[in-house]
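A.B. asks: For reference, the sequence and a predicted model appear below.
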Amino acid sequence: MDLGIKGRVAVVAASSRGLGKAVAEALAAEGVKLALCARDESALAETASAIRDRWQTEVFHQALDVTNETDVKTFVAETRRRLGDVSICVTNAGGPPPGHFAAFSPQDWRSAFELNFMSTLFLIAQVLEGMRAQKWGRVVTITSTAVKQPIDGLILSNGIRGAVVGLMKSLANEYGPENVLFNNVCPGRFDTARMRNNARKQAVAENVSVEEIVQRVAQRIPLRRAGDPAEFGAMVAFLCSEKASYVTGASILVDGGLVSGV
């Protein structure tokens, strides 16, 4: 399917690896010009080079901290100079640390707010006017199933990510008349390096194999497997496309049926 976005310019945050990288690859396959950012310069440069070589599309990359407003402004301005006006923005920043309420200080909450909420706000603020001028824009946040069903032991994520969804719904209402669409995508368990690393830590703690931990996770998912990151990338690419022109203000699960709510 031709998604109708060839030649458009997309910013994809936290895209050096994992789900962010999968999104960048899916957009590159559609002929989108990419601006990638992440903290790890080495991994980011490697990803940018691989995407450029495979799909023969323009790729600009810059290492930065998405919680730094000045860095975000500079990055988007340079993207505009090199590639043109941004019409697709995928926000992503990983998650705050696990733990229960009593373990965290007010500063921990502020840090989580900066990481997940303010980073999203900074990116949107830099791309929105250009999207309004084009009368075409797609903003997608990579969030969590926690916005549908709180996850035990992830109180910071449960609390802050709900605020991001509220922001996105409000923006969808406000800018819908200008054809700027805002959606959230909520990933479940995906077979990424991060998931494997967490499985290794748990396996050591319990003195069992990594595969036993992976299979235990899979048994809680109706599809009985973790997702392929490419499956996640495909959903985000669709939401960023011309084909998703009547979808806005939505929070879409990509979780193999993991969340039990209707």
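C.D. replies: It's in.

A.B. asks: List the buried residues in the lengthiest helix in the chain.
C.D. replies: Assignment by DSSP state H gives helix 155-175 as the longest helix of the chain. For helix 155-175, the neighbour count (16 or more other Cβ atoms under 10 Å) marks 155-162, 164-165, 167-169, 171-172, 175 as buried. C-beta here means a position set from N, CA and C on the backbone, and glycine is covered the same way.

A.B. asks: from the residues you listed, which two are the most distant?
C.D. replies: Greatest spatial distance in the buried residues of helix 155-175: 155 and 175, 31.5 Å, computed using Cβ to Cβ.

A.B. asks: now, among the buried residues of helix 155-175, which is nearest to residue 124?
C.D. replies: Using Cβ to Cβ, the buried residues of helix 155-175 come closest to residue 124 at residue 171, 7.1 Å.

A.B. asks: my guess is the closest one contacts residue 181, does it?
C.D. replies: No: at 9.4 Å, residue 171 does not count as touching residue 181 under the criterion of Cβ atoms under 8 Å.

A.B. asks: which residues do those two both contact?
C.D. replies: Common contact partners of residue 171 and residue 181 (Cβ atoms under 8 Å, 6 or more residues apart in numbering): residue 139.

A.B. asks: Output the longest helix of the chain as CSV - backbone C-alpha positions only.
C.D. replies: The C-alpha atoms that make up helix 155-175 are tabulated as CSV, following Å, rounded to 0.1, in the frame of the first residue of the first chain:
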residue,chain,number,x,y,z
ILE,A,155,3.9,4.4,39.3
LEU,A,156,5.9,7.2,37.6
SER,A,157,4.9,6.0,34.1
ASN,A,158,1.3,5.4,35.1
GLY,A,159,1.0,8.9,36.4
ILE,A,160,2.8,11.0,33.8
ARG,A,161,1.9,9.2,30.6
GLY,A,162,-1.8,9.9,31.3
ALA,A,163,-1.0,13.6,31.1
VAL,A,164,0.6,13.2,27.7
VAL,A,165,-2.6,11.5,26.4
GLY,A,166,-4.7,14.3,27.8
LEU,A,167,-2.4,16.9,26.0
MET,A,168,-2.7,15.0,22.7
LYS,A,169,-6.5,14.7,22.9
SER,A,170,-6.7,18.4,23.6
LEU,A,171,-4.4,19.3,20.6
ALA,A,172,-6.5,16.9,18.4
ASN,A,173,-9.6,18.9,19.2
GLU,A,174,-7.9,22.3,18.8
TYR,A,175,-6.0,21.7,15.5
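
A.B. asks: Paired strands for whichever helix or strand comes after it, with orientation please.
C.D. replies: Next helix or strand after helix 155-175 toward the C-terminus (DSSP states H and E): strand 180-187. Partner strands for strand 180-187, per DSSP bridges, with pairing direction: strand 137-142 (parallel), strand 251-254 (parallel).
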